[in-house]
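>>> Here is my input, please return the structure:
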Amino acid sequence: MNRVFVLAVVCFSLTAVVLMKTALQRYHEVRKYFRLQEYAAEVRDISESLKTLEENSLTLEDEVQQLKKIAKEALLRFNASLVTPT
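Below is the predicted model of the structure:
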């Protein structure tokens with residue numbers, strides 16, 4: 001009877017160890033999954049921010065080109081006013 005009890009305790013202990021190891025692995029997998037979900041959300045946010053920045057940079061480039069055109073026209077008018085005596 002004592003031997004059966006010892007074998008039962010050993011089997012129970014081994015089962016408990018295997019179950020705990022499996023539970024720990026699953027826990028780490030779940031943590032990894034949620035961490036990857038957080039990273040994916042951050043990547044989406046960064047991607048949206050980059051798209052916005054790109055749109056803003058294109059708008060700024062257009063505005064700079066318009067300002068250059070206006071400045072060039074103003075410079076031509078200024079130079080023309082210097083050349084022609086009034």
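>>> and the most centrally placed residue in the chain, what does it touch?
By Cα atoms, centre = their mean, the chain has its centre lying nearest to residue 43, at 2.1 Å. By Cβ atoms under 8 Å, 6 or more residues apart in numbering, the contact set of residue 43 is empty. All C-beta spots, glycine's among them, are computed from the backbone N, C-alpha and C.
>>> could you say which helix or strand contains it?
Here residue 43, judged by DSSP states H and E, is contained in helix 2-83.
>>> gap between the residue nearest to the centre of the chain and residue 52?
Separation of residue 43 from residue 52 (Cβ to Cβ, to the nearest Å) stands at 15 Å.
>>> before we move on, back to that, what's the spacing between the helix holding residue 43 and its chain's center?
How far helix 2-83 lies from its chain's middle: 2 Å, per Cα atoms, centre = their mean, to the nearest Å.
>>> quick one: average pLDDT of that helix?
Averaged over helix 2-83, pLDDT sits at 95.
>>> and residue 32, how many residues sit next to it?
Residues lying near residue 32 (other Cβ atoms under 10 Å) number 10.
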